[in-house]
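Novice: quick one, what's the 3D model for this:
(one chain, ligands or ions: 1)
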Amino acid sequence: MRLVLLGPPGSGKGTQAALLKDRLNVVHISTGDLLRAAVAAGTELGKIAKATMDAGELVSDDLVLQLLEDRLGQPDVANGYILDGYPRNLAQAKALDALLSRLEQNIDHALALIVDEEQIVARLAQRASEQGRTDDSESVVRHRLHVYAEQTAPVVDYYEAKGLLARIDGVGSIEEINQRLMDAM
Ligand code: AMP
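Specialist: Below is the predicted model:
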């Protein structure tokens, strides 16, 4: 099973992916986590990405595609994966299609979590106090939501046009939302 999980920052993609990976016996691939690990490790790529991430902007398509391609080359993806945070714009969606066709793979479902903006700002304020992510301050969160609306929302339509999309109400308990995702597949 290969899934794309879509939704604005704070919509619960990471939380839901962590549950789904165990239920489906697949791996969770978060490009945000891969980037944060590169920043923490002080790699060249991490150094380039850090300022962009702190500003709530998208890291360059080439850098993120390279990270993703390396990750998809690892043996643990054989049973499938959940992509969380990728693709983030239409160019990435097309690059993913090209990469998957080279790998002779395809996406089974694209699941979009729907949560309204005020709820998201409140959730991310909570996450900022719990996890101390440098991009969870209110002004950066508002900017990330703007980037989502401008660049990532079209990706939802892209998967809808392919007939792969399900929209899922992302408000409720973690278990309820998880069940909605399972039911949609
Ligand atoms: P996330 O953990 O998915 O919210 O990602 C945190 C930050 O990492 C984003 O605000 C971007 O700066 C960067 N990032 C994560 N995934 C991507 C991607 N697919 N393309 C570009 N930048 C990304």
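
Novice: what does this structure put close to the ligand?
Specialist: Residues of the chain lying near the ligand by C-beta under 6 Å from any ligand atom: 9, 31-32, 35, 52-53, 56-59, 64, 85-86, 88, 92, 135, 144. Where you see a C-beta, it was placed from the backbone N, CA and C, and this is true even at glycine.

Novice: whichever of the residues you listed end up buried, select them in ChimeraX.
Specialist: Burial among the residues of the chain next to the ligand is assessed by 16 or more other C-beta atoms under 10 Å; the matching ChimeraX selection reads:
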select :9,31,32,35,53,56,58,59,64,85,86,88,92,135,144
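
Novice: in helices, which of the residues of the chain next to the ligand appear?
Specialist: Filtering the residues of the chain next to the ligand for membership in helices, criterion DSSP state H, returns Thr31, Gly32, Leu35, Thr52, Met53, Val64, Gln92, Arg144.

Novice: please name the nearest non-neighbouring residue to the last one.
Specialist: Taking C-beta to C-beta, 6 or more residues apart in numbering, and ignoring the residues beside it in sequence, Arg144 has Gly56 as its nearest neighbour in space, at 4.2 Å.

Novice: follow-up on the earlier one: now the ones in helices among the residues of the chain next to the ligand as JSON lines including pLDDT?
Specialist: Written out in JSON lines, the entries for those read as follows (pLDDT from 0 to 100):
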{"residue": "Thr31", "pLDDT": "97"}
{"residue": "Gly32", "pLDDT": "95"}
{"residue": "Leu35", "pLDDT": "97"}
{"residue": "Thr52", "pLDDT": "96"}
{"residue": "Met53", "pLDDT": "95"}
{"residue": "Val64", "pLDDT": "97"}
{"residue": "Gln92", "pLDDT": "98"}
{"residue": "Arg144", "pLDDT": "93"}
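
Novice: of all the residues you listed, which comes closest to Leu164?
Specialist: The shortest approach to Leu164 among those belongs to Gln92, at 15.6 Å (C-beta to C-beta).

Novice: okay, the residue nearest to that closest one when sequence neighbours are not counted: pLDDT?
Specialist: On the basis of C-beta to C-beta, 6+ apart, the spatially nearest residue to Gln92 that is not a chain neighbour turns out to be Asp61, at 5.7 Å. Listed pLDDT for Asp61 reads 98.
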